[in-house]
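Visitor: Okay, here's the prediction I keep looking at, along with the sequence it came from:
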Amino acid sequence: MLDLVIRNGTIVNGTGTPGFVGDVGVRAGRVTAIGRVEDDAAREVDASGSVVCPGFVDTHTHYDAQLHWDRLLTPSSWYGITTAVMGNCGFALAPCKAEDRRFLLQTLQHVEGIEFRSSWPGLHDGEWGYESFPEFLDFVERNNCALNLVTQIGHTALRTWVMGAEAATSRTATDEEIARMTEVLREALDAGAAGLSTTGSPGHTGAGGVPVPSRWADEREFLALCATLARARHGRLQGVGGTVLTNPFVLRLLEETGVVLAELTPTQLDRVRTELWDVGYQVYPQLQVIPGSIYIGLHDPSYFAINLPGGAFGVPQLNELFGPVVSMRTPEERLAFYQDPSFLPRFITDTDIDSWNSRYWPAILIVKAPTRPDWEGQSVADIAGATGLTGAEVLYEVCVASDLAGRFLIRFASQDPLLGLDSLRTFDEVGIGLHDAGAHLSQMCMGSWPARLLGRFVREGGLPIERAVQHATSLAAAQFGIVDRGLLLAGRPADIVVFNPATINDGPVQEVDDLPQGATRLISEPVGIDYVVVNGTVVREHNKDALEPDLPLPGVLLREFQPNRRRPPGPVPDWVRHEIDVEWDARVAASRERFGGDLPADPAQPGRFLV
């Protein structure tokens, strides 16, 4: 007898081939048969009118902390994610010595919006139970979650493990320290890490606006780490460009090491990406299917003044003004700080300038203003223009006058609801990612991307459902070399989603206070996802969790990956190099124009600039 049979559904198996009506049989965590299944089963599900497909693979999450207090890994498990890659952008919790744990969690607060007041008690007040990366993997395996997990070693954690507090200073690593980093990286890959993640983004700063450790790395360090990845049996480089990771230097990394880039790309030009693949380089750019924006308020200013303005908008950061607020533990403390008579005049002085007025205030959309509901749906710049108030005064009225209940959206990327549709149609190499599930908990809720993809992109954009499923499953798995996931075939693990193609969508965003210490996060419950199955076990049924979070859960740690290709067969073509250089020069010129001449120096790389 089978454990589970899903009958009469339209099977879309993740290969991109046309769907067909049939049954799926499951025994002992694996698919035993697809098509017409005659065997009886302990449980049968009628999927008539629904699509039955492989579980979705999310290649960009930050569940390293949340897995300690939420083994269901919500909301990803609600949305049919059955495999998640964590440890992105250089931010992981291992390797980490006991004395560095506060620093890493505070870095996660500033960069990834995971509040320290919540994460520290959530991680047992610093008693994590592991230090080295192999010990972390063993912990994840013992602490089995609802999803299958893939880990990366983070550059910030790696640098801090080797260099201590000096990892976040201008001192470059010595040859001995770089050699030690490569040893620890090899150890992590051998133990089951999928690769190394990093960031050079000027928006990624820790306490006081200090660049995170990976931003202080020089070219020597990156070349050594990428050479280690390329020589290993497997291993990708994931990350965000910036600092030393300019487009020309990324090309050098490709040519000299042959490293596989699982997100970090030298350019988004389709022709260049195709040409790089033609000569043997593996480059996987990622795009969001939910427009980039952050839901925020002055109750949590970490992404209002500490990070995004300087990183995404090129306006002066307000680290000196808002730095003390970020470290405050309660909303009451923050409200008292804002109500001090000296705060508002200083806020006005620092932001009533050309750059803020022309670039940042227009990007802020008011979504909740209890004291001024007539302002909702308009930008801060629009209200300022209509009322004669400064942008700071508008925001103060929205947030502080409402006892920090006001909320707004920072729109930091294109708001095209079908952005990237043509690329998804055309290119297998384009990944769906950057939605940051597990991070920005009170600021974003974009882990719902599978429902947005299968709803809006398919129904409104005309993307074939087989193509959408392929991008969310087998192509995503291939980008990280994940073995045995992303396809619904006989003999494969039974990671399965059953959804209604006519109704699937992401539900409305709501605030809940269910994090450790009552901290707030945003959640969204899906529409039209009927069943989520992980390794043959139903974890979600008709929008309700099917398992108790304190009992054994079916997710496993994935430690095996496809082997790396060897060195690519040829150099980067001259015209590709020229096009990338031209593109980089254009970015520099645009930045010079935006900043009115000289570019601001990047504190992590003297002589380099924020572009």
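Guide: Arrived safely.

Visitor: going on from the longest strand belonging to the chain, what's the next piece of helix or strand?
Guide: Criterion DSSP state E: the longest strand present in the chain is strand 2-11. Per DSSP states H and E, the first helix or strand lying C-terminal to strand 2-11 is strand 20-27.

Visitor: helices and strands around that following strand, which ones?
Guide: Where contact means 3 or more CB pairs under 8 Å, 6 or more residues apart in numbering; DSSP states H and E, strand 20-27 is packed against strand 2-11, strand 30-35. Glycine gets a C-beta too; all of them are placed from N, C-alpha and C.

Visitor: so can I have JSON lines of the ones you listed showing mean neighbour count?
Guide: Listed next are the helices and strands packed on strand 20-27 as JSON lines, based on neighbours: other CB atoms under 10 Å:
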{"stretch": "strand 2-11", "mean neighbour count": "20"}
{"stretch": "strand 30-35", "mean neighbour count": "18"}
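
Visitor: tell me the pLDDT at G311?
Guide: pLDDT, G311: 63.

Visitor: At which residues are the strands of the stretch 101-250 of the chain located?
Guide: 148-150, 153-154, 195-199, 236-240 (DSSP state E, counting those that start in this stretch).

Visitor: what mean pLDDT does the first one have?
Guide: Confidence over strand 148-150, taken as the mean pLDDT, stands at 98.

Visitor: Tell me who's in contact with the nearest residue to R566 once chain neighbours are set aside.
Guide: Leaving aside its sequence neighbours, R566 sits nearest to G258 (CB to CB, 6 or more residues apart in numbering; 7.2 Å). By CB atoms under 8 Å, 6 or more residues apart in numbering, the contact list for G258 reads 230, 281, 565-568.

Visitor: Would you mind giving me the ChimeraX syntax to select the buried ones in those?
Guide: Here is the ChimeraX selection string for the buried members of the contacts of G258, based on 16 or more other CB atoms under 10 Å:
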select :230,281,568
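
Visitor: which of the contacts of G258 lies closest to H471?
Guide: Y281 (20.7 Å; CB to CB).

Visitor: which ones are touching the closest one?
Guide: Counting by CB under 8 Å, 6+ apart, Y281 touches 254, 258, 261, 568, 572.

Visitor: The fourth one contacts D278, doesn't it?
Guide: The one in question is P568. No - the pair P568 / D278 is not scored as a contact, 10.3 Å apart, by CB atoms under 8 Å.

Visitor: Pretty sure A413 sits against I290.
Guide: No - if you go by CB under 8 Å, A413 and I290 don't touch, sitting 9.9 Å apart.

Visitor: Between these two, which is the more surrounded one?
Guide: Between A413 and I290, counted using other CB atoms under 10 Å, the more crowded position is I290 (22 against 14).

Visitor: you'd agree the more buried one is in a helix?
Guide: No - under DSSP: H, G, I helix; E, B strand; the rest coil, I290 sits outside any helix and is assigned coil.

Visitor: how far is stretch 368-381 from where the chain is centred?
Guide: Its chain's C-alpha centre and that of stretch 368-381 lie 29 Å apart, by CA atoms, centre = their mean, to the nearest Å.

Visitor: re earlier: farthest pair within the contacts of G258?
Guide: With CB to CB as the measure, no two of those lie farther apart than Y281 and R566, at 12.2 Å.

Visitor: Need the contact partners of the longest strand of the chain.
Guide: Strand 2-11 is contacted by residues 19-28, 32, 34, 37, 39-48, 50-53, 488, 494, 496, 498, 501, 531, 533, 536, 538 when judged by CB under 8 Å, 6+ apart.

Visitor: Domain boundaries for this protein, per the record?
Guide: Using automatic domain parsing, the domain ranges for the chain come out as 2-53+487-545, 58-291+416-479, 297-411.

Visitor: now the end-to-end length of the first one.
Guide: Using CA to CA, to the nearest Å, one end of domain 2-53+487-545 lies 23 Å from the other.

Visitor: cool, the second one as well?
Guide: This stretch, domain 58-291+416-479, spans 11 Å end to end (CA to CA).

Visitor: Renumber starting at 47 from here on
Guide: Sure thing, new numbering starts at 47, so read that last one as domain 104-337+462-525.

Visitor: I80 reaches A536, doesn't it?
Guide: Yes - with contact defined as CB under 8 Å, I80 counts as touching A536 (5.6 Å).

Visitor: Extract the C-alpha set from stretch 195-203 and format it as CSV.
Guide: Extracted in CSV, the C-alpha atoms of stretch 195-203 (Å, rounded to 0.1, in the frame of the first residue of the first chain):
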residue,chain,number,x,y,z
LEU,A,195,17.6,23.5,3.8
VAL,A,196,20.7,24.4,1.8
THR,A,197,23.5,26.4,3.6
GLN,A,198,26.2,28.8,2.5
ILE,A,199,29.1,30.0,4.5
GLY,A,200,29.0,33.8,4.8
HIS,A,201,31.9,36.0,4.1
THR,A,202,31.2,38.3,7.0
ALA,A,203,31.2,35.3,9.4
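
Visitor: Give me the neighbour count for N194.
Guide: Residues within reach of N194, counting by other CB under 10 Å, total 25.

Visitor: Verify the stated contact: it with E606.
Guide: No - between N194 and E606 there is no contact under CB under 8 Å: 11.8 Å.

Visitor: all helices of the stretch 397-546 of the chain, in order?
Guide: Secondary structure of the stretch 397-546 of the chain (DSSP state H, counting those that start in this stretch): helices located at 400-401, 426-433, 437-445, 467-472, 495-498, 511-518, 520-525.

Visitor: Can you tell me which of those is nearest to Q155?
Guide: Closest to Q155 of those is helix 437-445 (CB to CB; 19.6 Å).

Visitor: How about residues contacting that closest one?
Guide: The contact list for helix 437-445, computed with CB under 8 Å, 6+ apart, reads 343-345, 384, 390, 393-394, 396-398, 402-403, 406-407, 410, 412, 414-415, 417-418, 421, 426-427, 429-430, 433, 435, 451-452, 454.

Visitor: Take the residues you listed and keep only those in strands.
Guide: Counted as lying in strands by DSSP E, out of the contacts of helix 437-445, are 410, 412, 414, 454.

Visitor: how about those residues in JSON lines, adding distance to I511?
Guide: Listed next are these as JSON lines, based on distance: CB to CB, whole Å:
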{"residue": "I410", "distance to I511": "36"}
{"residue": "I412", "distance to I511": "37"}
{"residue": "K414", "distance to I511": "35"}
{"residue": "F454", "distance to I511": "35"}
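
Visitor: Looking at these, state which has the most neighbours.
Guide: Using other CB under 10 Å as the neighbour criterion, F454 leads the ones in strands among the contacts of helix 437-445 with 27 neighbours.

Visitor: for that one, what are its contacts?
Guide: By CB under 8 Å, 6+ apart, the residues touching F454 are 341-343, 410-414, 426, 441, 444.

Visitor: let's see it at 6 Å
Guide: By CB atoms under 6 Å, 6 or more residues apart in numbering, the contact list for F454 reads 410, 412-413.

Visitor: Quickly list what it is bridged to.
Guide: I342, I412 (DSSP bridges).

Visitor: Where does the prediction get shaky in the stretch 297-446 of the chain?
Guide: 312-318, 349, 351-354, 356-358 (pLDDT under 70).

Visitor: So what's the gap between the longest strand of the chain and the chain middle?
Guide: The chain centre lies 33 Å from the centre of strand 48-57; the measure is CA atoms, centre = their mean.

Visitor: all helices of the stretch 47-196 of the chain, in order?
Guide: With DSSP H, counting those that start in this stretch, the ranges of helices along the stretch 47-196 of the chain come out as 147-158, 162-168, 179-188.

Visitor: What's the local residue count around R117?
Guide: R117 has 22 nearby residues by other CB under 10 Å.

Visitor: and the gap between S164 and G564?
Guide: 8 Å (CB to CB, to the nearest Å).

Visitor: residue contacts, P617?
Guide: When the contact criterion is CB under 6 Å, 6+ apart, the partners of P617 are E301.

Visitor: and it, helix, strand or coil?
Guide: Classification of P617 using three-state DSSP returns coil.

Visitor: Look up phi and psi at it.
Guide: With angles defined as degrees, to the nearest 10, P617 sits at phi -80, psi 170.
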